[in-house]
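**Q** model the following, please.
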Amino acid sequence: MARISTHAFMASALAITLFSGTAHAQSLPYGDPGDSEAISGGDSAPSGTDAPRGGDSRSGGRSLGNAGGSGRMKIQPYIELSQSVLARLQPTHETLTYSSVAVGVDASLTGRRTEGSVSVRYERRFAESGNIVSNDTISGLARVRHDLVPRELTIEAGGLATRTRFDPSGASRLGSVETGDRVAQVYSLYAGPAVSTHVGEVAVKGSYLLGYTKVNTPRLPVTGLPAGQPQPQGDIFNHSVAQSAQASVGVAPGTVLPIGLTASGAYNQEDIANLDQRVRELRAGLQATLPINQELALIGDVGWQDVKVSSRDAVRGPGGVPVVGSDGRYVTDKSKPRQIAYDVTGLTWDVGVMWRPSRRTSLSAFVGRRYDSMTYYGSLSYTPNARNALQIDVFDAVSGFGSTIGNAVRGLPTDFTADRNPFSGDISGCAAGAQSGGCVNGALGSIASAAFRTRGVSASYSHSLGKLRMGLGAGYLRRKFIGAKGTVLEAANGRTDQNFYVSGQISGPIDRLTAFTVAVYDSWYKSGVSELADVNSFGVNAGLTHQFTRRLVGNAGVGLDMINRKAFSDDLIATGQVGLRYNF
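**A** I've put the predicted structure just below:
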């Protein structure tokens, strides 16, 4: 019952974001913290595509006018029945069957003061044959913003719910159709206001965000190493609360001085339940902007930074062996003081350029010193026309899993179309909008609990050719884990994991009533512990939908997924599904 209650709560929370809503704009760190994209830490936030399952706008849906001013709101609720077969081809031969009932809603808002998208789906699976159990899942993606006071006060909210297969090391991957005891359900929500106003020539901005992330996993023990040895990366993430607050005052170039000056401050903190970990970052800085022309500006920043990561140790049993709870996670020793794992305090600097030749193109590139080392970050947004959109982000941050997920979701456009697996209906990791897109695949590459410094790049590209839609997402993330000496997390300290991923999708109509979707994905996880823990997973799936009536849609899907490991036998799984969907 507790599990069902959690699903119901998270589904409600994702749906509520539909009626919540702050302006999402590309911004520079320090220079415009009121528009900051980071939930916790970092110099840039990580920023793909498919039509919703079951047909297009002809399938029904409710369109309402005046969505937060002039505009429209479209809400498409549905119910779906399906029959599935899953055949394990390697390392053993086994056939599993199950039926499922799913209910969901796809909604979009486009108004003068409100814009956003929500796609939420609840599915209950009923086991029929083979080694499979009945279960229920929530999958969804939401991002909404609303102007409470036009141009001055906005509020935004967003969320993600998805499933990912994981290993004892914490490595995880989307796209897997696995239904066994190594599947985690990930939930993440965030919301907060932002204010932007002027006092004479001085611009005043501020924002606050609150985020919560939860990972539900089966009750698994911490295993995989000799007796008494902890997991190299702690254990599997439980939940965390992340907070971010920014404020700035500044003057634009040419008002008081030929250059623009902005003074800013920022506070970011993530409290992770596992071993009472805490990631805290304080920043203050002064940024100068020198316009070269109307398109190009040089930017320099000098500031101060204080970053600390701390945690407690686990309760120790006989022989100093850390105690593991019934959920497979370490039991925190509240009686022991907090241990410092990472402590960097000192001056920071950044120099870079911002190039905006048109409303459709924006490039920023920076180099500097943060976290007591060199840092590089920036972004490129290119939308030459309504048919093409390219987004590239380079980022560097110290955080936990929760903040990383929150930043990835917040990097998605508000007018996204969710990319769903045609077979399972799960969120596949990428989403695209009219002006930009993004993926959360990299952020979900590891669900280990230990805090880390992450550096990487993510890219997404979408293209429309008539009614044919294509999307491509790719990225690389490098996580260097942080653990305090004298605690069970010490084994994680300095370990470096790497994730590479690429995914592609094409969809479009076959005739007036029939449409298709084909998707491929490939991801690589390189462990910093041992090559034996490296994992490569890849797959392809395809789906067809046919509109029998205005509201009744039939669908069929097939897929092939493979997981390659050095330490274990490969998994090869073939899937098939047929179903009916009714759009209200």
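**Q** now do the helices in the protein.
**A** 2-16, 401-410 (DSSP state H).
**Q** what's the local residue count around residue 275?
**A** 29 (other Cβ atoms under 10 Å). All C-beta atoms are positioned from the backbone trio N, CA, C, and that covers glycine.
**Q** contacting residues around the nearest residue to it once chain neighbours are set aside?
**A** Nearest residue to residue 275 in three dimensions, chain neighbours excluded: residue 311, at 4.6 Å (Cβ to Cβ, 6 or more residues apart in numbering). Counting by Cβ atoms under 8 Å, 6 or more residues apart in numbering, residue 311 touches 272, 275-278, 338-339, 341, 451, 483-484, 487, 489.
**Q** ok, 7 Å please
**A** 275, 276, 277, 338, 339, 341, 484, 487, 489 (Cβ atoms under 7 Å, 6 or more residues apart in numbering).
**Q** which of those are buried?
**A** 275, 276, 277, 338, 339, 341, 484, 487, 489 (16 or more other Cβ atoms under 10 Å).
**Q** reformat these as a markdown table; add pLDDT.
**A** Shown next, in a markdown table, are those (pLDDT from 0 to 100):
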| residue | pLDDT |
| --- | --- |
| 275 | 93 |
| 276 | 95 |
| 277 | 96 |
| 338 | 92 |
| 339 | 94 |
| 341 | 95 |
| 484 | 92 |
| 487 | 90 |
| 489 | 90 |
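**Q** what about these, which are in strands?
**A** Among those, the members found in strands (DSSP state E) are 277, 339, 341.
**Q** if we can go back for a sec, quick check, nearest of the buried ones among the contacts of residue 311 to residue 306?
**A** The closest of the buried ones among the contacts of residue 311 to residue 306 turns out to be residue 341 (Cβ to Cβ; 14.7 Å).
**Q** that closest one touches residue 309, doesn't it?
**A** Yes. Using Cβ atoms under 7 Å, residue 341 makes contact with residue 309 at a distance of 4.6 Å.
**Q** and the helices of the chain, which one's lowest on average pLDDT?
**A** Of all the helices of the chain, mean pLDDT reaches its minimum on helix 2-16 (a mean of 46).
**Q** output the below-cut-off pLDDT ranges for the stretch 351-500 of the chain.
**A** Where the stretch 351-500 of the chain drops to pLDDT under 70, the residues are 422-424, 432-436.
**Q** please redo it, this time with the cut-off set to 80
**A** For the stretch 351-500 of the chain, residues meeting the criterion pLDDT under 80 lie at 417-438.
**Q** ditto for the chain
**A** 1-71, 166-182, 218-235, 326-328, 417-438, 529-533, 566-569.
**Q** let me see the ranges of the strands in the stretch 401-550 of the chain.
**A** 417-420, 427-432, 437-439, 452-465, 468-481, 496-509, 514-526, 535-547 (DSSP state E, counting those that start in this stretch).
**Q** turn these into CSV, including mean neighbour count.
**A** Below are the strands of the stretch 401-550 of the chain laid out as CSV (neighbours: other Cβ atoms under 10 Å):
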stretch, mean neighbour count
strand 417-420, 26
strand 427-432, 30
strand 437-439, 29
strand 452-465, 22
strand 468-481, 22
strand 496-509, 21
strand 514-526, 20
strand 535-547, 20
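**Q** of the ones you listed, which is nearest residue 291?
**A** Smallest distance to residue 291 across the strands of the stretch 401-550 of the chain (Cβ to Cβ): 28.0 Å, for strand 452-465.
**Q** got the phi/psi numbers for residue 336?
**A** phi -90, psi 150 (degrees, to the nearest 10).
**Q** burial measure for it, as a count.
**A** 15.
**Q** now do residue 72
**A** Neighbour count of residue 72, defined by other Cβ under 10 Å: 13.
**Q** who does it bridge with?
**A** Residue 72 has these beta-bridge partners by DSSP bridges: residue 65, residue 110.
**Q** quick check, it in contact with residue 107.
**A** No. Using Cβ under 7 Å, residue 72 makes no contact with residue 107, being 11.1 Å away.
**Q** and residue 480, how far from residue 418?
**A** Per Cβ to Cβ, to the nearest Å, residue 480 is found 32 Å from residue 418.
**Q** about what we covered before: indicate which one of the strands of the stretch 401-550 of the chain is closest to residue 396.
**A** strand 452-465 (4.8 Å).
**Q** tell me which strands that closest one pairs with, and in which orientation.
**A** When DSSP bridges is applied, strand 452-465 pairs with strand 388-399 (antiparallel), strand 468-481 (antiparallel).
**Q** can you tell me what sits against that strand?
**A** 46-49, 371, 387-398, 404, 430, 432, 437-439, 442, 470-482.
**Q** and for stretch 279-289?
**A** Under Cβ under 7 Å, 6+ apart, the answer for stretch 279-289 is 30-31, 40-41, 253, 259-270, 297, 299-309, 398-400, 451.
**Q** switch to 8 Å and redo it
**A** Taking Cβ under 8 Å, 6+ apart as the rule, stretch 279-289 contacts 28, 30-31, 40-41, 250, 253, 259-270, 272, 297-309, 348, 398-400, 403, 451.
**Q** can you flag which of the residues you listed belong to strands?
**A** Going by DSSP E, the strands hold 250, 260-270, 272, 297-309, 348, 398-399 from those.
**Q** hmm, which of the residues you listed are the buried ones?
**A** Applying 16+ other Cβ under 10 Å to the ones in strands among the contacts of stretch 279-289 flags 250, 260-262, 264-270, 272, 297, 299-301, 303, 305, 307-309, 348, 398-399 as buried.
**Q** tell me how far residue 167 lies from residue 529.
**A** 11 Å.
**Q** on that earlier part again, from the buried ones among the contacts of residue 311, pick the one nearest residue 200.
**A** residue 277 (44.1 Å).
**Q** bridged to residue 156, which residues?
**A** Bridge pairing for residue 156 - DSSP bridges - gives residue 145, residue 192.
**Q** that one reaches residue 144, doesn't it?
**A** Yes. Between residue 156 and residue 144 a contact is recorded at 6.6 Å, counting by Cβ atoms under 8 Å.
**Q** give me the more crowded residue out of those two.
**A** residue 144 (27 against 24).
**Q** ok, and the closest non-adjacent residue to that one?
**A** Looking at residue 144 with Cβ to Cβ, 6+ apart, the closest residue is residue 116, at 3.0 Å.
**Q** residues touching residue 309, list them.
**A** With Cβ under 8 Å, 6+ apart, residue 309 has these contacts: 277, 278, 279, 280, 340, 341, 342, 343, 398, 451, 482, 484.
**Q** do that again at 7 Å, thanks
**A** 279, 341, 342, 398, 451, 482.
**Q** which one of those is nearest to residue 126?
**A** Of these, the one sitting nearest to residue 126 (Cβ to Cβ) turns out to be residue 451, at 39.8 Å.
**Q** count of residues packed around the closest one?
**A** Residue 451, neighbours per other Cβ under 10 Å, totals 31.
**Q** I'd say it and residue 400 touch.
**A** Yes. Contact criterion Cβ under 7 Å: residue 451 and residue 400 qualify, at 4.8 Å.
**Q** any residues in contact with both of those two?
**A** 272, 277, 279.
**Q** how about these in TSV, adding distance to residue 102?
**A** As requested, the shared contacts of residue 451 and residue 400 are arranged in TSV below (distance: Cβ to Cβ, whole Å):
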residue	distance to residue 102
272	32
277	36
279	37
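**Q** of those, closest to residue 447?
**A** residue 272 (11.9 Å).
**Q** got a list of what the closest one touches?
**A** Contacts here follow Cβ under 7 Å, 6+ apart; on that basis residue 272 touches 240, 400, 449, 451.
**Q** residues touching the second one, list them.
**A** Each residue near residue 400 by Cβ under 7 Å, 6+ apart is listed here: 240, 270, 272, 277, 279, 451.
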